[in-house]
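S.K.: attaching a predicted model along with its sequence, questions to come.
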Protein chains: 2
Amino acid sequence: MDMIGKPARSSDMKYFTWLVLLAQVFGLTAVVLVAVWMGHFQQGFAWQSNPGLEFNYHPLFMVIGMIFLYSDAILAYRVFRNDKKMYIKLLHAGMQITALIFVAVGLKAVFDSHNLKKPDPIPNLYTLHSWLGLITVILFGLQWVGGFATFLFPKAGMATRIMALPHHQFWGIAILCFAAATACMGITEKCIFSIKDYSQRPTQAYVANFLGLMIVCLVTTVIYIVTRPEYKRPPAPEEDHVPLEEN
Amino acid sequence: MDMIGKPARSSDMKYFTWLVLLAQVFGLTAVVLVAVWMGHFQQGFAWQSNPGLEFNYHPLFMVIGMIFLYSDAILAYRVFRNDKKMYIKLLHAGMQITALIFVAVGLKAVFDSHNLKKPDPIPNLYTLHSWLGLITVILFGLQWVGGFATFLFPKAGMATRIMALPHHQFWGIAILCFAAATACMGITEKCIFSIKDYSQRPTQAYVANFLGLMIVCLVTTVIYIVTRPEYKRPPAPEEDHVPLEEN
């Protein structure tokens, strides 16, 4: 972080592509592991006709939305560094709207699976997982609206954007970390509640634990990539001399 | 983050003291909550004579070591910004050695509580909490040794230090995040295993869940403080013109 301000050189970029590929490997492996865990070891998927199986959409859709799509939406600014900034903004916002759709369905699945449970419903929102998860999703939604209003809505001035950018970046990363911690707690809960011989380390336990490690590896790699100063998007000529003191 | 390189002004520091105080409030509240949870709701502490109560040292000592002391060790560089750098390095390393002592006793407590359980021992290292926790403690130890060899051991040259610093800073923050995620999983496990009416939200459930939220708030505040460019330590005159290209 003390290298900040050092001019980017092409030699600095040598590991960039490998790191982005590594993030994709971690992310895709996480999606495959959660799909195999829910689809195979937890008896697959159903909707409201079978609330027990409806639950299984929850981990799958939250990992796709809050972890994988969200990670790649953050990386878009680094991967498409040489494209027009407006296109990347639309991609960044579009990927996160897609993520929010997955998240909405994933939340509907877990509330249904609790409320429709027979003979008695399961209580909602009593675990730390559910508290931090709800906070994370609300912050994610607020961050999307705030980001849209500041960086895409045509009326917001450049001074506002310059003031808001470091906060948008900080909270973007913080919310991703909250999502990862929430996912790890969700995996822990599901393992304890539904793998009867978890302590004997059956195959399913390895699938679940490696899912957690893949999420941690993905988020660590994404944050490493976006915080390295030499991987930052070079400013376009028209962005060069924005007066920082305007606000 | 785009404000990086902007010179620090005294007006930029107006929230700094409040943020550091806020971090202390979050950290001390977390320590008090885990002490109350284990000391009152989980029947207090014992050593090997009562492995069930010996366990209770594990959350207490891990929160003190890996969360509270570790956070303040990271903040030391910002709080004592105007003191001699060697003193701060010794304080930073010393606080983390103290943290490692708490961690060692905290780990001994959990392994004892599993291995000495009557009539049958509890298996070790099967949960995601234990896997990520072990990885976190190993990384914390390696980071300490690497930091000592690079920044305190007199023989390491300035070029090595300049090259290593951003990596030491990145991993310092990453390991703190891993510790927080591990703590959240540990809280989740302990709640499910030992609060029989967790889903009815007894007082103990609030104590445990708020402990998790305090840890998340502490770590978020600490990372905000250390990544804001205007809160960075001003370089001493002799550090001003270190040639960045030397390595």
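M.R.: Perfect, I can see it now.
S.K.: list the contacts of the most centrally placed residue in chain A.
M.R.: The C-alpha lying nearest the average C-alpha coordinate of chain A belongs to residue A:67 (Cα atoms, centre = their mean; 3.0 Å). Taking Cβ atoms under 8 Å, 6 or more residues apart in numbering or on different chains, we find residue A:67 in contact with A:27, A:30, A:179, A:180, A:183, A:215, A:218, A:219. Just so you know, the C-beta spots here come from the backbone N, C-alpha and C atoms, and that holds for glycine as well.
S.K.: turn these into CSV, columns for pLDDT.
M.R.: Listed next are the contacts of residue A:67 as CSV, based on pLDDT from 0 to 100:
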residue, pLDDT
A:27, 98
A:30, 98
A:179, 98
A:180, 98
A:183, 98
A:215, 98
A:218, 98
A:219, 98
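S.K.: buried residues of stretch A:222-241, list them for me.
M.R.: Using 16 or more other Cβ atoms under 10 Å in any protein chain shown as the test for burial, stretch A:222-241 gives A:222, A:223, A:224, A:225, A:226, A:227, A:228, A:229, A:230, A:231, A:232, A:233.
S.K.: nearest spatial neighbour of the fourth one, skipping sequence neighbours?
M.R.: With Cβ to Cβ, 6 or more residues apart in numbering or on different chains as the criterion, residue A:225 has its nearest non-adjacent residue at 5.3 Å, and that residue is residue A:19.
S.K.: which of the contacts of residue A:67 fall within helices?
M.R.: Among the contacts of residue A:67, the subset assigned to helices under DSSP state H consists of A:27, A:30, A:179, A:180, A:183, A:215, A:218, A:219.
S.K.: so what's the last one closest to, chain neighbours aside?
M.R.: By the measure of Cβ to Cβ, 6+ apart, the closest residue to residue A:219 outside its immediate chain neighbours is residue A:180, 4.5 Å from it.
S.K.: what is the burial count for that neighbour?
M.R.: Neighbour count for residue A:180, taken as other Cβ atoms under 10 Å in any protein chain shown: 26.
S.K.: and the one 10 residues further on, by the same measure?
M.R.: Taking other Cβ under 10 Å as the criterion, the count of residues near residue A:190 is 21.
S.K.: surely it is in contact with residue A:208?
M.R.: Yes. Using Cβ atoms under 8 Å, residue A:190 makes contact with residue A:208 at a distance of 7.0 Å.
S.K.: any stretches of chain A with poor pLDDT?
M.R.: A:1-11, A:236-247 (pLDDT under 70).
S.K.: can you give me the helices in it?
M.R.: Going by DSSP H, chain A shows helices at A:16-36, A:51-54, A:57-62, A:70-79, A:85-115, A:128-147, A:158-194, A:203-227.
S.K.: now do the residue nearest to residue A:41 when sequence neighbours are not counted against chain B, distance only.
M.R.: Leaving aside its chain neighbours, residue A:41 sits nearest to residue A:204 (4.3 Å; criterion: Cβ to Cβ, 6+ apart). Separation of residue A:204 from chain B (Cβ to the nearest Cβ, to the nearest Å): 12 Å.
S.K.: quick one: residues contacting residue A:204.
M.R.: A:37, A:41, A:195.
S.K.: now residue A:76
M.R.: Per Cβ under 8 Å, 6+ apart, neighbours of residue A:76: A:88, A:91, A:92, A:95.
S.K.: would you mind checking those residues for buried ones?
M.R.: Applying 16+ other Cβ under 10 Å to those flags A:88, A:91, A:92, A:95 as buried.
S.K.: roughly how far apart are the first one and chain B?
M.R.: As judged by Cβ to the nearest Cβ, residue A:88 and chain B stand 15 Å apart.
S.K.: and that residue, what does it touch?
M.R.: Residue A:88 sits next to A:76, A:77, A:80 when contact means Cβ under 8 Å, 6+ apart.
S.K.: how far away is the first one from residue B:175?
M.R.: Spelled out, it's residue A:76. From residue A:76 across to residue B:175, the span is 27 Å (Cβ to Cβ, to the nearest Å).
S.K.: got it, and residue A:151?
M.R.: Taking Cβ to Cβ as the measure, residue A:151 falls 32 Å from residue B:175.
S.K.: which one's more surrounded, those two?
M.R.: Counted by other Cβ under 10 Å, residue A:151 and residue B:175 do not tie: residue B:175 has more neighbours, with 23 against 18.
S.K.: so what's that one up against?
M.R.: Taking Cβ under 8 Å, 6+ apart, we find residue B:175 in contact with B:70, B:136, B:139, B:140, B:143.
S.K.: cool, residue A:143 as well?
M.R.: The contact partners of residue A:143, by Cβ under 8 Å, 6+ apart, come to A:168, A:171, A:172, A:175.
S.K.: do residue A:24 as well
M.R.: Contacts for residue A:24 (Cβ under 8 Å, 6+ apart) come out as residue A:72.
S.K.: what's the neighbour count on residue A:21?
M.R.: Close neighbours of residue A:21, defined as other Cβ under 10 Å, add up to 11.
S.K.: follow-up on the earlier one: by neighbour count, which of the contacts of residue A:204 wins?
M.R.: Among the contacts of residue A:204, residue A:37 has more neighbours than the rest - 23 neighbours, counting by other Cβ under 10 Å.
S.K.: wait, that residue sits on residue A:210?
M.R.: No. Residue A:37 lies out of contact with residue A:210 (Cβ under 8 Å); the separation is 9.7 Å.
S.K.: if we can go back for a sec, which one among the contacts of residue B:175 gets closest to residue B:115?
M.R.: residue B:136 (21.4 Å; Cβ to Cβ).
S.K.: the closest one and chain A: what is the separation?
M.R.: Distance, residue B:136 to chain A, using Cβ to the nearest Cβ: 10 Å.
S.K.: isn't that residue up against residue B:178?
M.R.: Yes. Residue B:136 lies in contact with residue B:178 (Cβ under 8 Å); the separation is 4.2 Å.
S.K.: residues contacting residue A:197?
M.R.: Residue A:197 neighbours (Cβ under 8 Å, 6+ apart): none.
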